[in-house]
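Participant: what follows is a predicted protein model with its sequence.
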Amino acid sequence: MKSILRIVRNGEIRLKFPASMVTEKADGTLWVQGNPLLGVSDPEQKTALAALVRAKKWSEIPAEAYVKLGDNSNGVWAGYDDDWENNPAKLAADKASAEASELAKRTRIIHLCTRGWGDFSPVEWLGDIERPENEIVAECRALLHRAHDVDHVLTDDQILAAVKEAKAKPTRAEAEPETKHGPGYCYNCQSYCYGDCGRFAPERTAETLRRELDDANREENFGMED
């Protein structure tokens, strides 16, 4: 299937183009709307090549800068949907996403106490709620011990009760259906930036899943995102 061409570097999708916009020349190079796709990451080289592209001096562009389907010597991989499904980077990303999703389901934030009567950030524990309860209680106790201006010191029994409550209560992120986003949406900046943020994440990662869960738990516990 050739619906979307993906340009990948270092396991991350950098660009996407509808197949209808892409032309594969006789030499295998890929072009979009009359301009070649170039696999260049060095800023100075980008500037120099951009001038050649504007001047349409195709022969002066180094052959290794052009992008072809598959792996390229410039570090870029290019391919359509079927090839992307079997790409090692896609398989690794799918595995990491599945593992992050499972961890997110088990992750909870336990609000232990306020500090400075609300003037400072609260003392909280964040982690895998399915770990042994005695380990979680010990970690919570250590957090309270290290914190300053703690408003209330909880007993081990109170901490254990908070652990059990968190374990029994599903997070809002787990309970709510996932919102579907269209092309160009970035899970890193949570907007349709099309990569303008510089850390384009068109698919969920462990980092973005954890942040979503963190935000959902904070809103659930305090009625606001922060």
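Facilitator: Structure's in. What do you need?
Participant: how about the strands of this structure, start to end?
Facilitator: With strands called from DSSP state E, the chain shows them at 4-9, 12-18, 22-24, 30-32, 35-36, 70-71, 76-79, 107-115, 120-128.
Participant: from those, which stretch is densest packed?
Facilitator: strand 76-79 (a mean of 22; mean count of other CB atoms under 10 Å). Every C-beta, even on glycine, is put in place using the N, C-alpha and C of the backbone.
Participant: packing partners of that one?
Facilitator: strand 4-9, strand 70-71 (3 or more CB pairs under 8 Å, 6 or more residues apart in numbering; DSSP states H and E).
Participant: can you tell which of those is closest to residue 57?
Facilitator: strand 4-9 (22.5 Å; CB to CB).
Participant: now do that closest one: distance to the chain's middle.
Facilitator: 17 Å (CA atoms, centre = their mean, to the nearest Å).
Participant: what number of residues lie near residue 202?
Facilitator: 18 (other CB atoms under 10 Å).
Participant: I'd like the distance between it and residue 45.
Facilitator: Separation of residue 202 from residue 45 (CB to CB, to the nearest Å): 25 Å.
Participant: which one of the strands of the chain lies closest to residue 198?
Facilitator: strand 12-18 (10.9 Å).
Participant: tell me the strands beside the closest one, with direction?
Facilitator: strand 4-9 (antiparallel) (DSSP bridges).
Participant: low-scoring stretches of the protein, by residue?
Facilitator: 1, 118-119, 171-180, 203-226 (pLDDT under 70).
Participant: how about the helices in it?
Facilitator: 43-54, 81-85, 88-106, 133-146, 156-168, 172-175, 206-222 (DSSP state H).
Participant: quick one, which of those is nearest to residue 112?
Facilitator: helix 133-146 (5.8 Å).
Participant: tell me what that closest one is packed against?
Facilitator: Against helix 133-146 (3+ CB pairs under 8 Å, 6+ apart) you get strand 107-115, strand 120-128, helix 156-168.
Participant: closest to residue 134 out of those?
Facilitator: Ranking the helices and strands packed on helix 133-146 by proximity to residue 134 (CB to CB) places helix 156-168 first, at 8.6 Å.
Participant: mind listing what residue 122 touches?
Facilitator: 111-115 (CB atoms under 8 Å, 6 or more residues apart in numbering).
Participant: re earlier: TSV for the helices of the chain, including distance to residue 69 and mean neighbour count?
Facilitator: TSV is the format used below for the helices of the chain (distance: least, CB to CB, whole Å; neighbours: other CB atoms under 10 Å):
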stretch	distance to residue 69	mean neighbour count
helix 43-54	20	12
helix 81-85	8	14
helix 88-106	15	14
helix 133-146	50	15
helix 156-168	49	15
helix 172-175	38	14
helix 206-222	29	17
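Participant: to residue 8, which of the ones you listed lies closest?
Facilitator: helix 88-106 (5.8 Å).
Participant: and that closest one, how far out from the chain middle?
Facilitator: Chain-centre distance of helix 88-106: 11 Å, with CA atoms, centre = their mean.
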